[in-house]
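need a 3D model of the sequence below.
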Amino acid sequence: MTYSFVGDYSSIGDVLLDEFGKTIELSPDGFKTAILGKSTIIPQSEFKLIGFTAEELKAKTASDQMYLPDSFHVKRRRALARVAEYHEHFDHGTPLPQFAPIVNLAEPLAGEKVVNPVARG
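The predicted model follows:
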C-alpha cells in the first residue's frame with residue numbers, strides 16, 4: 001500500500017522522508033511499525049482526500065510551507081491529526097475514526113482556527 005509523508009523529517013528503514021507528500025510503499029504491518037515509531041505518514045488515499053493543491057505540494061519543506069496561506073496549514077494539521085488517530089489506534093486499541101475530509105477550512109478540528117503568523121504579516 002502507498003503512504004504519503006506529512007511531517008518534516010523522518011526515515012523508515014533506508015528510505016529518507018524529508019519532503020512533504022513523498023510516498024513510500026509499506027505492508028500493513030510496516031505501516032503500523034512506522035506509526036508506532038513516530039513516523040508521520042498516512043495512506044495516500046486519505047492524503048489525496050485532504051485536498052492539497054498543486055501549488056501547496058510544491059512546498060516540500062517547512063521553510064517553504066511557512067509562506068503558504070492558512071488553508072494549507074489547516075490541511076496539514078488535519079493530516080497530522082490523522083497520524084495521531086492511527087497512533088492511538090495501534091498503541092492503545094482505540095477504534096479508528098472513519099476519515100472525513102475537511103469541510104470548513106476555518107474550523108477543521110473541533111473549532112480550532114489555525115493562524116499562520118507569517119502569512120498574516
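
give me the phi and psi for residue 7.
Its backbone dihedrals place residue 7 at phi -100, psi -160, with angles given as degrees, to the nearest 10.

what's near enough to touch the closest residue to it other than its chain neighbours?
Excluding the flanking residues, the one nearest residue 7 by C-beta to C-beta, 6 or more residues apart in numbering is residue 40, at 3.1 Å. All C-beta spots, glycine's among them, are computed from the backbone N, C-alpha and C. Remark: with contacts taken as C-beta atoms under 8 Å, 6 or more residues apart in numbering, residue 40 is in contact with 5-8, 10, 80, 83.

pLDDT below threshold where in this structure?
Along the chain, the parts satisfying pLDDT under 70 run over 103-121.

using the three-state scheme, assign residue 4.
strand (DSSP: H, G, I helix; E, B strand; the rest coil).

any idea which element the residue nearest to it when sequence neighbours are not counted lies in?
Closest residue to residue 4 in three dimensions, ignoring its sequence neighbours and counting by C-beta to C-beta, 6+ apart: residue 47, at 3.7 Å. Secondary-structure assignment from DSSP states H and E places residue 47 in helix 44-50.

what about residue 41, distance to residue 34?
Separation of residue 41 from residue 34 (C-beta to C-beta, to the nearest Å): 6 Å.

neighbour count winner among the two?
residue 41 (26 against 23; other C-beta atoms under 10 Å).

ok, which stretches of the chain are strands?
Secondary structure of the chain, counting by DSSP state E: strands at 2-5, 10-12, 15-17, 23-25, 41-43.

okay then, goodbye and thanks.
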